[in-house]
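> Need the 3D shape of this:
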Amino acid sequence: MTVAFLSGKHRRAAAALGAVSAGLLVLSACDKPTPLATVTVGTTSVHTEAACYNDGKAIKESQIQDCLNKKAEKSITVAPDDKIRFGVDPEIAENGWTIFIGGERAEQEPYHKTYRTIPASAFFTSPTTGEPSSSAQVSIVETSGKKLTGIWHFKLAQD
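Below is the predicted model:
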């Protein structure tokens, strides 16, 4: 005669507990993705995760310039008369964000909404020399007070 060690009800409970435990183990091994930033021109959009992000904490001063100088992995083509729409996740907007062009701050005050539109013509003149250019690296920089907490890069290529 065979004796069952666990009843059907207990086996199902043990199986469910094992599945939950395995799921938690898998989730604990995953990194949380960084918030996204998006650039849209007409009907074309590109989005990217941060080039530098420290889980919402300040990026070390020694790393900021290297982060700002990283090359953009995402590119979008724009005409001089296009409007460029920038969008960020709500957690970026909550802290505030600014636009950098070629690694240089383009505006002084952080913006606190998730979406804004800027004419493309604003990005194709060198801020230092005034010379026209055919491309520009634009960075969205999340701020928290005077600290930088995230940097996202896009390349704008003139059509």
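> what about the nearest residue to Glu107 once chain neighbours are set aside, helix or strand, and which?
Nearest non-adjacent residue to Glu107, counting by CB to CB, 6 or more residues apart in numbering: Thr98, 5.3 Å away. For every residue, glycine as well, the C-beta is placed using N, CA and C. According to DSSP states H and E, Thr98 maps onto strand 97-101.
> Give me the contacts around that strand.
Strand 97-101 is contacted from outside by 68, 86, 88, 105-111, 118, 123, 127, 136-143, using CB atoms under 8 Å, 6 or more residues apart in numbering.
> And the residues you listed, which of them are buried?
Buried by 16 or more other CB atoms under 10 Å: 68, 86, 88, 106, 111, 123, 136-143, out of the contacts of strand 97-101.
> tell me the SS of Glu107?
What DSSP: H, G, I helix; E, B strand; the rest coil gives for Glu107 is coil.
> Could you report the distance from the residue nearest to Glu107 to Ala72?
17 Å (CB to CB, to the nearest Å).
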